[in-house]
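Peer 1: Quick one, fold the following:
(chains A and B)
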Amino acid sequence: KNQVEQSPQSLIILEGKNCTLQCNYTVSPFSNLRWYKQDTGRGPVSLTIMTFSENTKSNGRYTATLDADTKQSSLHITASQLSDSASYICVVSEQAGTALIFGKGTTLSVSS
Amino acid sequence: NAGVTQTPKFQVLKTGQSMTLQCAQDMNHNSMYWYRQDPGMGLRLIYYSASEGTTDKGEVPNGYNVSRLNKREFSLRLESAAPSQTSVYFCASIPGQGGTEAFFGQGTRLTVV
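Peer 2: Here you go, the predicted structure:
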């Protein structure tokens, strides 16, 4: 069964610190992997999208990495801000498929 | 450009009542999706429509029906609401298959009492 596992489930960090979120998947064949940010009470918003041939992609203070061989991805947040407090969701798409497979998300809390 | 619009934003139903959740996108996307999000469960696919005129079941379709009215609109119907259907529902659209971005609506928070 295609699955997407994220860790940690939740994380608390101080403002200004860096953090890394993990995503492991078993989806095969694989098309692309996306990281979304979901603020409380809002819909998910895309941060990055990577195909199997891409190793890293950045979006401001967010940097996503992908190792298609080990089926692992990470999202690194640099110099965290209070506004980074949200749920971060890893989503994997099957090759030529129409369904997106969601992880359960990591809830990040940034405190001052 | 509104993106993906869902209505209503909030709804309270009594057990056994029916209702339709509306979703419309103005980006000329082919694929549209309905998800539900429950605490600790992540988003789970209810139904999707790969293109106008087609619909398919997702992971949790029981108790729901969908209609792809045209390319813009994809509705989700609860024929006889149950407390287990209390959830936040998200509609999403994607231009096509594979490596393209999904756009989500703001969600409908449904409570069945």
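
Peer 1: quick one: strands adjacent to the helix or strand of chain B with the lowest mean pLDDT?
Peer 2: The helix or strand of chain B with the poorest confidence is strand B:42-49; it has a mean of 90 (mean pLDDT, DSSP states H and E). For strand B:42-49, sheet partners with direction are given as strand B:31-38 (antiparallel), strand B:56-57 (antiparallel), following DSSP bridges.

Peer 1: just how off-centre is that strand within its chain?
Peer 2: Taking the mean of its C-alpha atoms, strand B:42-49 sits 7 Å from the chain's own mean (C-alpha atoms, centre = their mean, to the nearest Å).

Peer 1: where does chain A have low pLDDT?
Peer 2: Segments of chain A classed as low confidence (criterion: pLDDT under 70) are A:95-98.

Peer 1: so who does residue 60 touch?
Peer 2: Since you didn't name a chain, this refers to chain A. By C-beta atoms under 8 Å, 6 or more residues apart in numbering or on different chains, residue A:60 lies in contact with nothing. Where you see a C-beta, it was placed from the backbone N, CA and C, and this is true even at glycine.

Peer 1: You answered for a different chain; I wanted chain B.
Peer 2: Residue B:60 makes contacts with B:36, B:44-46, as judged by C-beta under 8 Å, 6+ apart.

Peer 1: quick one: buried residues of the least confident helix or strand of chain B?
Peer 2: Residues of strand B:42-49 classed as buried: B:42-49 (neighbour count, 16 or more other C-beta atoms under 10 Å in any protein chain shown).

Peer 1: can you check stretch B:72-91 too?
Peer 2: Of the residues in stretch B:72-91, those buried under the neighbour-count criterion (16+ other C-beta under 10 Å) are B:72-76, B:78, B:81, B:85-91.

Peer 1: wait, which of those residues is closest to residue B:5?
Peer 2: Distance ranking of the buried residues of stretch B:72-91 against residue B:5, using C-beta to C-beta, places residue B:91 first at 8.5 Å.

Peer 1: Would you agree that closest one is in contact with residue B:3?
Peer 2: No. Shown here, residue B:91 and residue B:3 do not form a contact pair, counting by C-beta atoms under 8 Å, at 10.6 Å.

Peer 1: what do those two both touch?
Peer 2: Counting by C-beta under 8 Å, 6+ apart, the residues touching both residue B:91 and residue B:3 are B:25, B:105.

Peer 1: Close to chain B: what parts of chain A are there?
Peer 2: For chain A, the contact set with chain B under C-beta under 8 Å from any C-beta of the partner chain comprises A:31-32, A:34, A:41-46, A:49, A:51, A:89, A:91, A:93, A:95-100, A:102-105.

Peer 1: Got a ChimeraX select line for the buried ones in the residues you listed?
Peer 2: Buried residues within the residues of chain A next to chain B, by 16+ other C-beta under 10 Å, are selected in ChimeraX with:
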select /A:31,32,34,43,44,49,89,91,93,97,98,99,100,102,103,104,105
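
Peer 1: Strands - which of the residues of chain A next to chain B land there?
Peer 2: Among the residues of chain A next to chain B, the residues falling in strands (DSSP state E) are A:31-32, A:34, A:45-46, A:49, A:51, A:89, A:91, A:93, A:100, A:102.

Peer 1: On the three-state scheme, the residue nearest to residue B:80 when sequence neighbours are not counted is what?
Peer 2: With C-beta to C-beta, 6 or more residues apart in numbering or on different chains as the criterion, residue B:80 has its nearest non-adjacent residue at 5.3 Å, and that residue is residue B:16. Residue B:16 falls in the coil class when you classify it by DSSP: H, G, I helix; E, B strand; the rest coil.

Peer 1: Sounds good, over and out.
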